[in-house]
Every structure is written in C-alpha cells, then in structure tokens.
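**Q** Make a model of this:
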Amino acid sequence: MELNHLYYFHEVAQSGSFTEAARRLHVSQSALSKAVARLEESEGVELFTRTKKGVTLTSLGQEVFKRSRMIFETVHDIQHACRGTHATCEGYLRLGASDHVINYLLLDRLAALVKAHPRVVPSVFNGGPNEVAASILREEAEFGLFFTQINLPQLAYEPFFEIEMAVVCQPRLLKNPKPTFRGFRKFIEEAGGYVSSIGTQYQHHPSASLIGYLGGFPPVSFECNSQEAQKNFVKSVGGVAYLARFMVEKELKEGELAEYPLPRRFSIDLLLARRKGRPLSLNAATFLNLFKEPEDLANRRSPS
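**A** Numbering: from 1, shown residues only. So this is what the prediction gives:
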C-alpha cells in the first residue's frame with residue numbers, strides 16, 4: 001500500500017469531494033482520482049460509492065477513513081514533537097460533551113480558540129456520558145466533559161470545575177417555601193414531582209448528594225437525558241428540577257423560573273475524561289487552558 005495514495009483517500013473522505021480535496025492539495029482532480037483508484041485496486045476493495053451527485057464512503061471506506069485519520073493525526077503529533085517549541089495549533093480538536101455543556105460553556109471558548117488559532121477545526125461529539133465515553137474509547141474524541149462518571153477501566157477522570165446547582169420550579173408554585181429538606185420533599189410532591197435525568201444506568205447519579213438529604217428518590221414526573229428538555233418541561237408543565245445554575249440564570253433573572261431556598265448550597269464537579277496513559281495533544285491542552293479562570297463559569301449567562 002502506497003502511503004501517498006492512502007493520504008489522498010483520507011483527504012477526499014475528509015472533504016467529501018474529489019474537487020474540494022484536489023483544491024486543498026493543489027493537485028489535479030484526475031491525478032487525485034487515479035491515486036485513490038490505485039489504492040482500491042491494490043487492495044481489491046471499493047472505498048467510495050461514486051454517483052453523479054458525488055461520492056460517499058462505503059462501510060469499509062468508513063472504517064479505513066477512521067484508521068487513516070488516526071495514522072495522519074499521529075504523524076501530525078510526531079511533527080509537533082520534533083518541532084518542539086515551534087509547534088502550532090492546527091488540525092482537528094476532537095471532544096465530546098452533553099448538549100448543555102456545549103451550548104452554555106464551550107461555544108464561546110471554541111470561538112476564542114479558533115480566533116487565536118484559525119487552522120484549528122473543532123469537532124464536537126454531542127451525547128450523554130455513556131455515549132461520550134464510548135466515543136473516547138473509539139478514539140473519535142480525545143476527551144470528554146460531563147458530570148457523571150462512567151465506570152470504565154480504560155478511562156481516567158479528573159475534576160475540571162466545580163459547578164453550582166440550583167433547584168428550580170415555576171414561580172407560581174413557590175408561595176410559602178420551607179427551607180428544610182423535609183419541607184422540600186413535600187414541596188416536590190405538591191409541585192408535580194421531580195424532573196430527573198435518566199440515571200439508573202450510571203454508577204453515580206448527578207443529584208445523588210441532594211437525594212441523600214431527602215432520604216430517597218422523590219416521586220418522578222418526567223425523565224430525560226437532556227438538561228435543556230428538563231428545564232423546558234418545568235417551565236411549560238411544572239415539577240421541580242435540579243440543574244446547573246449557569247443554565248437557569250437568565251430564567252431566574254427574568255422571572256420565568258424561581259429557585260427553591262434549600263438549607264444549603266449544592267455543587268457538582270464537571271469531569272474531564274480521557275483514555276488512561278494518553279497525553280493531551282497541543283490543540284486539546286491549548287483549549288483546556290482557556291478555562292483556567294473558574295470565575296468565568298460563575299459569571300456565564302444563558303444564551304438568549
């Protein structure tokens with residue numbers, strides 16, 4: 001197998017077009033097509049399905065692309081290691097996170113990274129903790145940011161930031177709150193039930209510390225692995241939800257939601273997950289350094 005032919009295949013697969021790949025590589029489209037065809041002929045396989053509308057990867061082509069991407073990213077890392085202090089941020093930054101972490105915490109930092117390093121291409125996998133963990137094991141994401149630790153021996157976790165939580169409900173429900181845990185449990189029942197994450201599959205449920213003070217799980221009215229959906233359910237239907245404060249600050253300020261006055265404040269750790277023994281790439285380390293100041297999260301506001 002000619003490595004150059006594999007590289008040309010990788011660029012076409014990444015671009016989704018022979019025309020675009022040829023433009024980026026500064027070669028003729030015919031030369032590029034011949035190189036990919038020689039790769040397919042030498043291995044006796046079909047990597048692309050060719051139609052008048054363009055090309056798509058076959059199932060084998062998808063597998064070859066995934067593995068070739070790993071090869072050329074490793075080559076890129078070796079080049080950076082050889083350049084030492086001359087290394088620059090470029091290429092893909094692959095990470096995974098849940099929807100609310102992406103939308104409320106990551107987008108502005110990704111924009112800042114791209115502004116400082118225009119040759120970086122963020123590639124963000126959106127999913128729950130189990131899905132993000134699986135993407136890390138498949139090496140489709142270099143690291144993940146989420147709140148629930150998944151019990152997988154291949155992954156290493158470290159607390160990334162402490163995130164303050166808030167218990168919220170519709171303002172009309174909050175008439176004479178009793179700031180006791182016994183009063184809170186009764187309030188949940190009267191307010192229509194607890195709006196919860198789907199947590200039975202996890203080793204550690206995000207609201208475990210709060211539930212511990214209640215002496216057990218309260219009656220549940222709605223479960224969803226989307227925090228945004230939980231918030232919207234409370235706003236439109238009712239119930240009580242336990243959400244990251246950065247998600248609900250706008251609604252609390254504008255009176256769309258009210259916060260139940262618990263006897264104490266609660267917080268959880270935003271976890272950084274990655275494969276054990278794998279050092280962070282320059283792109284990843286540079287991006288994570290943008291979160292050095294914890295007060296940034298405390299001052300973050302919900303998107304309008």
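**Q** so His10 sits in a helix?
**A** Yes: remark: His10 belongs to a helix, assigned using DSSP: H, G, I helix; E, B strand; the rest coil.
**Q** what about it, neighbour count?
**A** The local packing count at His10 equals 19, with neighbours defined by other C-beta atoms under 10 Å. For every residue, glycine as well, the C-beta is placed using N, CA and C.
**Q** isn't it right next to Lys66, touching?
**A** No: under the contact definition of C-beta atoms under 8 Å, His10 does not touch Lys66, with a separation of 10.2 Å.
**Q** In the chain, where is pLDDT below threshold?
**A** Judged by pLDDT under 70, the chain has its weakly predicted residues at 77, 79-87, 177-179, 199-207, 292-304.
**Q** What helices and strands are in contact with the strand ranked longest in it?
**A** Identified as the longest strand of the chain according to DSSP state E is strand 155-169. For strand 155-169, the packing partners by 3 or more C-beta pairs under 8 Å, 6 or more residues apart in numbering; DSSP states H and E come out as helix 129-137, helix 227-236, strand 240-244, helix 245-254, strand 258-259, strand 267-275, helix 295-298.
**Q** So for Thr148, which of these sits nearest?
**A** Nearest to Thr148, of all those, is helix 129-137, at 4.3 Å by C-beta to C-beta.
**Q** quick revisit: the longest strand of the chain pairs with which strands, parallel or anti?
**A** For strand 155-169, the pairing partners within the sheet under DSSP bridges are strand 240-244 (antiparallel), strand 258-259 (antiparallel), strand 267-275 (antiparallel).
**Q** Mean neighbour count, those: which tops it?
**A** Scoring the strands paired with strand 155-169 by mean neighbour count under mean count of other C-beta atoms under 10 Å gives strand 240-244 as the most buried, with a mean of 24.
**Q** Please list the residues outside that one that contact it.
**A** In this structure, residues lying in contact with strand 240-244 by C-beta atoms under 8 Å, 6 or more residues apart in numbering are 100, 104, 163-169, 187-188, 191-196, 206-207, 210, 227, 230-231, 233-234, 260, 266, 268.
**Q** 7 Å instead?
**A** Contacts made with strand 240-244 from outside it, assessed by C-beta atoms under 7 Å, 6 or more residues apart in numbering, are listed as 100, 163, 165-169, 188, 191, 194-195, 207, 210, 227, 230-231, 234, 260.
**Q** ok, now how distant is Asn176 from Cys89?
**A** 55 Å (C-beta to C-beta, to the nearest Å).
**Q** And these two? Which one has more around it.
**A** Comparing Asn176 with Cys89 by neighbour count (other C-beta under 10 Å), the higher total belongs to Cys89, at 20 against 6.
**Q** how far away is that one from Ala285?
**A** For Cys89, the distance to Ala285 equals 9 Å [C-beta to C-beta].
**Q** Skip the chain neighbours and tell me the closest residue to Val64.
**A** Nearest non-adjacent residue to Val64, counting by C-beta to C-beta, 6 or more residues apart in numbering: Leu47, 5.9 Å away.
**Q** got the contact list for that neighbour?
**A** Leu47 sits next to Phe9, Glu40, Leu57, Thr58, Leu60, Gly61, Val64 when contact means C-beta under 7 Å, 6+ apart.
**Q** Bridge partners for the residue most central in space within the chain, pull those for me.
**A** Centroid check for the chain by C-alpha atoms, centre = their mean gives Ala97 as the closest residue, at 1.6 Å. Beta bridges link Ala97 to Asn126, Leu145 when assigned by DSSP bridges.
**Q** Find the helix or strand that the nearest residue to Val120 once chain neighbours are set aside is a member of.
**A** The shortest distance from Val120 to any non-neighbouring residue, by C-beta to C-beta, 6+ apart, is to Cys89 (5.1 Å). Applying DSSP states H and E as the criterion places Cys89 outside every helix and strand.
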